[in-house]
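Novice: Using only what follows, build the 3D model:
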Amino acid sequence: MAKRFGGRFSPQQTRLDGSDPRPPARPHPGEMRHPLESRTRWVTIMAIPFLISAFWQDPTGLATHLAAFGTIAAGMWMTREGLQAEAAYDARRVARRPAIPRKLFGGILTGLGLAIGAYEPGAEIGAGIIGVAGALLHWLSFGTDPMRDKGMEGVDTFQQDRAQRIVAEGEAHLAAMQDAILRTGDRRLEARVAMFAATARDMFARVEEDPGDIAAARRYLGVYLQGARDATVKFSDLYAQTHDARARQDYENLLNDLETEFAARTRKLIEGGRTDLDIEIGVLRDRLAREGLRPAAKAAEPAELERPMTLDDLLIPREGEKQRR
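Specialist: Residues are numbered from 1 along each chain as shown. Next comes the predicted model:
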């Protein structure tokens, strides 16, 4: 995950230990990892005896053992894909359930592979029991796929699909920028591009949560990112050959300007959502007041001191003062 430059003498707002006090940015989709993802590798490794022992079997045993290993490996691959989809689902506040229940199919393939590996003529029931037990253990180890949409109430699915396509294009531009800057061999430039990518992904997250903002952000996600990608490619080719300090300064200034604009646009999108919320609350309150479910707001009465004072007010004591006396 990208981290900003900073330290004790940095002008940025950082702690003394150099860590960034702000919340972490939205990670790259390729960086989303499920904590159980490594288990699939170990299960595949444990199925290797089927592969090795296959070459000491007769033709039927060879085919059976190879099929068992292949089926288990395919089940673990499907399970790993399901875990990655679940990690992406958990990382977003607004997300659809996966279209294909990959972990479910992975469990079925794993159980089938174990049943094939345990098959012996006349022992079909035992092989079936082993397969069912393997599928059950798979479910206990990896859990189930997300079966419900999350945060989709009131969200236009067509607009969300459109937003996801545009965000995918933006991610492709960012990936091209980060790949091109590697040609410079400069770690600081690589980190600077990663900082800009983190800022852009904040806007990606906002657009995914509220697809209605896609019209206001499309220029940033398309034209500006494409221009930044082209500028990065040209700068990387030039800097790798000449190490021109002026070109580097111009490129860093460009990234600073783009990062400022992206951050400002993201804040405006958030403020626009707050404005829409205030309007909805005001309209609902007015409707409740018209229907008599909420008292209407009364006009503020002028303060007592704003009333013109007379000579009687100064000479005649008030009732409250008499009681205190």
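Novice: for this protein, what are the low-confidence residue spans?
Specialist: Along the chain, segments meeting pLDDT under 70 span 1-32, 93-95, 150-159, 212-213, 272-325.
Novice: domain parsing for it?
Specialist: Domain assignment for the chain, taken from automatic domain parsing, gives 32-142, 157-290.
Novice: I'd like those as TSV, with distance to residue 149 and mean neighbour count appended.
Specialist: In this view, the C-beta of every residue, glycine as well, is placed from N, C-alpha and C. Listed next are the domains of the chain as TSV, based on distance: least, CB to CB, whole Å; neighbours: other CB atoms under 10 Å:
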stretch	distance to residue 149	mean neighbour count
domain 32-142	5	17
domain 157-290	9	16
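Novice: Can I get the ones you listed in JSON lines including distance to residue 148?
Specialist: Listed next are these as JSON lines, based on distance: least, CB to CB, whole Å:
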{"stretch": "domain 32-142", "distance to residue 148": "6"}
{"stretch": "domain 157-290", "distance to residue 148": "14"}
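Novice: What separation do you get for the nearest residue to residue 132 once chain neighbours are set aside and residue 145?
Specialist: Excluding the flanking residues, the one nearest residue 132 by CB to CB, 6 or more residues apart in numbering is residue 111, at 6.3 Å. Distance, residue 111 to residue 145, using CB to CB, to the nearest Å: 16 Å.
Novice: related to what we said a few turns ago, ok so the residue nearest to residue 132 is a helix residue?
Specialist: Yes. Residue 111 sits within a helix when classified using DSSP: H, G, I helix; E, B strand; the rest coil.
Novice: Tell me who's in contact with it.
Specialist: Contacts for residue 111 were tallied using CB atoms under 8 Å, 6 or more residues apart in numbering; they are 75, 131, 132, 133, 134, 135, 136, 138.
Novice: try residue 68
Specialist: 47, 50, 113, 114, 116, 117.
Novice: farthest-separated two in these?
Specialist: 47 and 116 (11.1 Å; CB to CB).
Novice: on that earlier part again, looking at the contacts of residue 68, which are in strands?
Specialist: Applying DSSP state E to the contacts of residue 68, no entry is found in strands.
Novice: Could you save those residues as JSON lines and add columns showing distance to residue 58?
Specialist: What follows is the contacts of residue 68, written out as JSON lines (distance: CB to CB, whole Å):
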{"residue": "47", "distance to residue 58": "21"}
{"residue": "50", "distance to residue 58": "15"}
{"residue": "113", "distance to residue 58": "20"}
{"residue": "114", "distance to residue 58": "21"}
{"residue": "116", "distance to residue 58": "16"}
{"residue": "117", "distance to residue 58": "15"}
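Novice: any idea which of those is closest to residue 99?
Specialist: Nearest member of the contacts of residue 68 to residue 99, counting by CB to CB, is residue 113, at 24.3 Å.
Novice: which secondary structure element contains the closest residue to residue 228 other than its chain neighbours?
Specialist: Distances taken as CB to CB, 6+ apart place residue 258 nearest to residue 228, at 5.8 Å, with adjacent residues excluded. Element membership of residue 258 [criterion: DSSP states H and E] is helix 245-290.
Novice: if I pick residue 174, what's in contact with it?
Specialist: 28, 197, 200, 201, 225, 229 are the contacts of residue 174 under CB under 8 Å, 6+ apart.
Novice: again, 6 Å this time
Specialist: residue 197 (CB atoms under 6 Å, 6 or more residues apart in numbering).
Novice: Ok, the one 10 residues further on next?
Specialist: Under the criterion of CB under 6 Å, 6+ apart, the neighbours of residue 184 are 236, 239, 240.
Novice: which non-adjacent residue is nearest residue 41?
Specialist: Nearest one to residue 41, counting by CB to CB, 6+ apart, is residue 76 at 7.6 Å.
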